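Enquirer: one predicted model, sequence on top.
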Amino acid sequence: MGPTGSGKTLLLESLAGLVRPDSGTVVVDGRSITALPPEKRSMGLVYQDHALFPNLSVFDNIVYGQRYHGIDRHEGKRYAVELMDMLDISALADRYPENLSGGEKQRTALARALACKPAIVLLDEPLSSLDPQFREGLRRNLKRLHEATEAIFFMVTHDFVDALSLADRAAVIREGKIEQIGDTADIFHRPVTTFIADFVGMKNIFPATPDNGLRELTHAAVRHRGVPFDGSGHIALRPEDISLAPDNTHPHTMAGLPGTVRTIVREGFTWLAVVACSGVEIVARIDQRSLLNGVIQEGRTVYVGLDPENMHYIPKLPG
């Protein structure tokens, strides 16, 4: 994951052998493949724009690359049919790309990449061009394909739902450098920099200094993590980890701090409330019931429920 222009697609093309790196090596299973041509790397690349051959049918697109990988013709066709069944495109075998929808093209491109039985499948934002109602279906297809093959799936995405529902491990790239890599849950809940915290949707990031009204909570959060604290760094919270109430009825494990609702902004099927509280602005996610019942309104005083266990401390980086 990473913002536009951070180098995600370039990284995929370097792995695939389409771009030769100026320095460093590409290593798979302990073996350098840096000097190998693309066809010798056992990798399949699925571009965002599909890149199907317009003059070939769906079936011919899928089996096209098998001849370059020494796959037996009859075995290759059998596997192609199996892939089409798994991706629910068997009825499209004789169609040409110009007569396919975006989702059908994407599934065809996936089948083509897998038909050569690569060790690694490189996916460049495979779901970004699809309508929301089709994304979930293709996510399930990807999950099923990953379980049915021995291939590693290496995917670039902007969609956090893709990362959370599909990935075991994740990385964030910034200006051509990997800023954090690890378990997907760690990336989203324990970012190591404020940039990553902001990128993954931690909308509450404020200095962990003693000059704001959250000093005691900040210290409690740091103590809970058992890390050294010198008064610097930042505290970050996800909006869904904050609760709002018209009075101080939060559980005893949470601190209830009074604040004033500045604005309420719709975000998809939920809303974000910006609350001025203890010298900082805190963003909390609220549900439709709270909004329609008038519990949370702009200009109203509310109590912000904060749990130190949900407050992530980001130490100041050396230098």
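Expert: Here it is on my side, so go on.

Enquirer: do me a favour and get the end-to-end distance for stretch 278-291?
Expert: Its first and final residues considered, stretch 278-291 spans 23 Å by Cα to Cα, to the nearest Å.

Enquirer: gap between Leu11 and Phe206?
Expert: 32 Å (Cβ to Cβ, to the nearest Å). All C-beta spots, glycine's among them, are computed from the backbone N, C-alpha and C.

Enquirer: and for Leu306?
Expert: 12 Å.

Enquirer: quickly list what's touching both of these two.
Expert: The contact sets of Leu306 and Phe206 overlap at Leu214 (Cβ atoms under 8 Å, 6 or more residues apart in numbering).

Enquirer: these two - which one has more neighbours?
Expert: For Leu306 and Phe206, the more surrounded residue by other Cβ atoms under 10 Å is Leu306, and the numbers stand at 27 against 18.

Enquirer: low-scoring stretches of the stretch 201-319 of the chain, by residue?
Expert: 210-212, 223-229, 231, 318-319 (pLDDT under 70).

Enquirer: show me what Val275 is bridged to.
Expert: Applying DSSP bridges to Val275 yields these beta-bridge partners: Val261, Ile282.

Enquirer: per-residue confidence for the residue of the chain most remote from its centre?
Expert: For the chain, the C-alpha farthest from the mean C-alpha position belongs to His74; by Cα atoms, centre = their mean, that distance is 38.2 Å. We have a pLDDT of 93 for His74.

Enquirer: next, the buried residues of the strand or helix carrying it.
Expert: His74 belongs to helix 73-86 when assigned by DSSP states H and E. When burial is assessed from 16 or more other Cβ atoms under 10 Å, helix 73-86 yields the following buried residues: 76-77, 79-81, 83-84, 86.

Enquirer: what would the residues you listed look like in a markdown table with distance to Asp230?
Expert: Formatted as a markdown table, the buried residues of helix 73-86 follow (distance: Cβ to Cβ, whole Å):
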| residue | distance to Asp230 |
| --- | --- |
| Gly76 | 62 |
| Lys77 | 65 |
| Tyr79 | 59 |
| Ala80 | 60 |
| Val81 | 63 |
| Leu83 | 56 |
| Met84 | 60 |
| Met86 | 54 |
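
Enquirer: make sure Val192 is indeed in a helix.
Expert: No - counting by DSSP: H, G, I helix; E, B strand; the rest coil, Val192 falls outside a helix, being coil.

Enquirer: nearest spatial neighbour of it, skipping sequence neighbours?
Expert: Gln180 (5.0 Å; Cβ to Cβ, 6 or more residues apart in numbering).

Enquirer: kindly report the same for Phe195.
Expert: Using Cβ to Cβ, 6+ apart, the closest residue to Phe195 is Arg174 (6.2 Å).

Enquirer: that neighbour pairs with what?
Expert: Beta-bridge partners of Arg174, as defined by DSSP bridges: Lys177.

Enquirer: residues in contact with it?
Expert: 2-3, 6, 195.

Enquirer: one more: Val295?
Expert: 244-246.

Enquirer: what of Leu306?
Expert: 214, 217, 237, 242, 254-255, 257.

Enquirer: name the residues that touch stretch 136-144?
Expert: Against stretch 136-144 from outside (Cβ under 8 Å, 6+ apart): 86-88, 103, 106-107, 110, 123, 126-127, 130, 153, 161-162, 165-166.

Enquirer: turn the buried ones among these into a named ChimeraX selection, would you?
Expert: To isolate the buried members of the contacts of stretch 136-144 in ChimeraX, using 16+ other Cβ under 10 Å:
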select :86,87,103,106,107,110,123,126,127,130,153,162,166
